[in-house]
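A.B. asks: Sequence and predicted structure, then a few things I'm wondering about:
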Amino acid sequence: MRYAELRSQEIIQTSDGVLEAIAERFPGSGLSGIACEIHERAGQMDAGIAAIMRPRKTIRVLSAMLTALLLLLALVLLSLFFRMILYNLHAEFRMEEFLQAIDAVISAIVLLGGGLFFVVSAERRQRRKDSLRQLHTLRALAHVIDMHQLKKDPLISRRPAERVPEYLDYCSDLLNIIGKMAAYYEAHIDDSEVREATADVEALTTSLSRKIWQKILSSQLGGRQAK
């Protein structure tokens with residue numbers, strides 16, 4: 001199973017290699033700063049996922065208390081309900097009062113059940129919120145990289161002609177790393193909205209990377225035609 005799963009260490013090592021290459025080839029550049037940010041976030045993924053998945057003790061205690069209260073009230077309501085039935089067996093039966101009692105019992109149980117569901121699902125909603133925040137950060141980094149590559153046109157840039165495609169290639173590498181980081185979160189957090197957000201990040205990075213390679217290929221064709 002070693003090669004059947006995405007491993008954080010591999011992502012970290014890859015981002016470290018790209019960071020070193022960018023720092024060497026383009027020292028002090030904005031892209032170097034973005035690469036450093038991505039590398040730091042890659043190193044924090046496991047700790048971040050552990051924090052997201054940690055048990056929320058306060059929510060669990062509140063959930064247990066509310067569950068106990070719901071069961072207690074349900075027993076009380078059922079006890080009163082059966083007492084009323086026994087009373088009506090020995091007295092004049094009143095259908096209107098009987099139906100009102102049933103409605104009150106059902107309404108109380110539904111209300112308490114709704115409150116219990118809200119508390120029990122609070123932990124899952126908090127995990128989803130924290131996960132989506134991480135994925136939103138990755139999406140923002142992808143857009144920042146895209147802004148950097150938009151400024152680089154191989155045909156009009158002041159940099160040496162061979163260095164602009166290299167710069168764009170590194171932009172594509174960083175976008176691919178972001179896509180893998182998003183996939184790593186999805187692999188460890190089982191949530192439908194997290195899966196959808198991950199798919200959005202991967203689609204974005206793939207689309208931006210494809211656009212970069214189209215620019216590189218068009219510049220190479222333009223260079224050949226100029227020769």
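C.D. replies: Cool, the structure landed.

A.B. asks: mind listing the strands for this protein?
C.D. replies: Assigned by DSSP state E, the chain shows no strands.

A.B. asks: so who does residue 14 touch?
C.D. replies: Contacts here follow CB atoms under 8 Å, 6 or more residues apart in numbering; on that basis residue 14 touches 177, 180. The way it works is simple: take the backbone N, C-alpha and C, and place the C-beta from them, glycine included.

A.B. asks: what do you get if the cut-off is 10 Å, keeping everything else the same?
C.D. replies: For residue 14, the contact set (CB atoms under 10 Å, 6 or more residues apart in numbering) comprises 39, 42, 173, 176-177, 180.

A.B. asks: out of the residues you listed, what pair is the most spread apart?
C.D. replies: 39 and 176 (13.8 Å; CB to CB).

A.B. asks: Tell me who's in contact with residue 129.
C.D. replies: Per CB under 10 Å, 6+ apart, neighbours of residue 129: 52, 193.

A.B. asks: before we move on, the earlier item: comparing residue 39 and residue 176, which residue is more hemmed in?
C.D. replies: Per other CB atoms under 10 Å, whichever of residue 39 and residue 176 has more neighbours is residue 39, with 21 against 16.

A.B. asks: mind checking how far the more buried one is from residue 111?
C.D. replies: With distances taken as CB to CB, to the nearest Å, residue 39 is found 51 Å from residue 111.

A.B. asks: Give me the common contacts of residue 39 and residue 176.
C.D. replies: Common neighbours of residue 39 and residue 176 (CB under 10 Å, 6+ apart) are 14, 18.

A.B. asks: Show me what counts as buried in the longest helix seen in the chain.
C.D. replies: Using DSSP state H, we find that the single longest helix of the chain is helix 192-226. Neighbour counts using 16 or more other CB atoms under 10 Å place 194, 197-198, 201-202, 204-205, 208-209, 212, 215-216, 219 of helix 192-226 among the buried residues.

A.B. asks: by contact count, what packs against it?
C.D. replies: Identification of packing neighbours for helix 192-226 by 3 or more CB pairs under 10 Å, 6 or more residues apart in numbering; DSSP states H and E yields helix 122-150, helix 163-188.

A.B. asks: So which of those is nearest residue 35?
C.D. replies: Going by CB to CB, the one of the helices and strands packed on helix 192-226 nearest residue 35 is helix 163-188, 6.0 Å.

A.B. asks: now that closest one: mean pLDDT?
C.D. replies: What helix 163-188 shows for mean pLDDT is 91.
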